[in-house]
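> Sequence and predicted structure are below.
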Amino acid sequence: MGKLKIEDLDKIAESARKKISLREGAGKVKITVHMGTCGIAAGARNIMATFLNEIEMHNAKDIIVVTSGCAGLCSKEPMATIEYENQAPVKYIELNEEKAKKIFDEHVLHGKIVPEYALSIGSERIQ
Amino acid sequence: MEDLSLHILDIVENSIKANAKNIEIKILIDKKNDIIKVTIKDDGKGMTEDELKIAFDPFYTSGKNKKTGLGLSLLRDSALKAEGNVDIVSEINKGTEIQAYFKISHPDMIPLGDLSKTMLVMVAANRDKQFRLSHIYNGLEFNFDTAEFKAHKTDIVSYLKQIKDKLEEYKNFLEIIKGDLYGI
């Protein structure tokens, strides 16, 4: 590894600030796990349990966790929607525990969307 | 649904959608009389008489985004297969009580499943609701009441820790039941 530059230090400081603000309550992320009958039958309970474990492991105190019903896309369950502060909600589909962990590490903690697991960006409500 | 714990999670989601504030779950396992009774009672918006008549119809739902309502019909299906049934008592603006019963020794009786995980998930994701669980098995009893945890005064991490500590006791309780019921 080469010498650290001032810019590198800035990057490290910025990423640490984000993590700390999330932990200390300045940031807000909402995780919604879809828990309709279809979601539950497809494994939504384990997805929720994985998110809860990650929250505990990272001591991430400023995360809101809720459930919602069927979003009308039963074949894509288990699904979860992540709403990171000041970003559009992202709906993730066909989740398993590994995918949920990756989404937590990248999107919930750092605001970096994981496009390969995402269905779309936008609200879950169909008007 | 693969097991009873998933059915319970599913039915409780109905209570949450019905804006219930208090949800009471009672699980009674009476080995002597060969029966498991599960009661889920809420103080949600309740169902009209017309809704009650079609509550088990898989093509009826109160949901707006979908055309099927499988939760109750799947629960009844599991109960009927184990010589049981499901009863619903509901009153508008008062709440709903669902009681499902099963014959323990029936070969098609579904397993109990991971009841402790169901409790964890439903309680942690609904901090604004009060949950009470009473699980009775041959004179043994496990009680869980979220009123103990003061959800509004704690952050999610401390709340999770409190719930998990309490649910460790429940896991031990369930191990005793499984050992006794199924000899494992």
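All right, it came through fine.

> Is residue B:160 in a helix, a strand, or coil?
Following DSSP: H, G, I helix; E, B strand; the rest coil, we place residue B:160 in the helix state.

> Go ahead and confirm it touches residue B:124.
Yes: assessed by CB atoms under 8 Å, residue B:160 is found in contact with residue B:124 at 5.9 Å. The way it works is simple: take the backbone N, C-alpha and C, and place the C-beta from them, glycine included.

> hey, what's in contact with both of those two?
Listed as contacting both residue B:160 and residue B:124 by CB atoms under 8 Å, 6 or more residues apart in numbering or on different chains are residue A:52.

> Which helix or which strand is home to residue 13?
Just so you know, I chose chain A. Element membership of residue A:13, judged by DSSP states H and E, is helix A:6-24.

> that answer is for a different chain, and I need it for chain B
Per DSSP H and E, residue B:13 falls inside helix B:4-17.

> next helix or strand past the helix or strand bottoming out on mean pLDDT in chain B?
Lowest on mean pLDDT, DSSP states H and E among the helices and strands of chain B sits helix B:49-53, with a mean of 86. Going down the chain from helix B:49-53, the next helix or strand is helix B:71-81, by DSSP H and E.

> could you say what helices and strands that following helix packs with?
Packed against helix B:71-81 by the contact rule (3 or more CB pairs under 8 Å, 6 or more residues apart in numbering or on different chains; DSSP states H and E) you find helix B:4-17, strand B:85-91, strand B:95-103.

> how about the residues of chain A that lie near chain B?
Residues of chain A lying close to chain B (CB under 8 Å from any CB of the partner chain) are A:25, A:33, A:35-38, A:40-41, A:45-46, A:48-49, A:52, A:55-56, A:59-67, A:69-72, A:74, A:125-126.

> Now with 6 Å, please.
Within chain A, the positions near chain B by CB under 6 Å from any CB of the partner chain are A:35, A:37, A:40, A:45, A:48-49, A:52, A:56, A:59, A:61, A:65-67, A:69-70, A:72, A:126.

> residues contacting residue B:121?
Counting by CB atoms under 6 Å, 6 or more residues apart in numbering or on different chains, residue B:121 touches A:45, A:48, A:49.

> In three-state terms, how would the second one be classified?
This means residue A:48. Following three-state DSSP, residue A:48 is assigned to helix.

> Tell me which of the helices and strands packed on helix B:71-81 sits nearest to residue B:179.
Closest to residue B:179 of these is helix B:4-17 (CB to CB; 17.3 Å).

> Relative to the helix or strand following the closest one, what are the paired strands and their orientations?
Reading on from helix B:4-17 to the C-terminus, the next helix or strand found by DSSP H and E is strand B:22-30. Here strand B:22-30 is paired, per DSSP bridges, with strand B:35-42 (antiparallel), strand B:130-137 (parallel).

> what's the angle between strand B:22-30 and strand B:95-103?
Orientation check (axes from the mean of the first three to the mean of the last three CA atoms, to 10 degrees): strand B:22-30 against strand B:95-103 gives 20 degrees.

> what comes into contact with strand B:22-30?
B:12, B:15, B:36-43, B:130-137.

> In ChimeraX, how would I select just the buried ones from those?
Buried residues among these (16 or more other CB atoms under 10 Å in any protein chain shown), as a ChimeraX selection:
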select /B:12,15,36,37,38,39,40,41,42,43,130,131,133,135,137
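
> Low-confidence ranges, chain B, go.
For chain B, applying pLDDT under 70 flags the ranges B:64-68, B:151-152, B:183-184.

> Can you tell me how far residue A:6 is from residue A:15?
15 Å (CB to CB, to the nearest Å).

> Have a look at those two and say which one is more surrounded.
Taking neighbours as other CB atoms under 10 Å in any protein chain shown, residue A:6 and residue A:15 compare with residue A:15 leading, 12 against 7.

> nearest spatial neighbour of that one, skipping sequence neighbours?
Excluding its sequence neighbours, the residue lying closest to residue A:15 (CB to CB, 6 or more residues apart in numbering or on different chains) is residue A:110, at 7.0 Å.

> Distance check, the one you found against chain B.
From residue A:110 across to chain B, the span is 18 Å (CB to the nearest CB, to the nearest Å).

> what about that residue, how many neighbours?
Count around residue A:110 with other CB under 10 Å applied: 14.

> Same check on the one 5 residues further on?
In terms of burial, residue A:115 registers 8 neighbours under the definition other CB under 10 Å.

> likewise the one 3 residues further on?
The number of residues packed near residue A:118 is 15, by other CB under 10 Å.

> so it makes contact with residue A:93?
No: using CB atoms under 6 Å, residue A:118 is not in contact with residue A:93, being 7.6 Å away.
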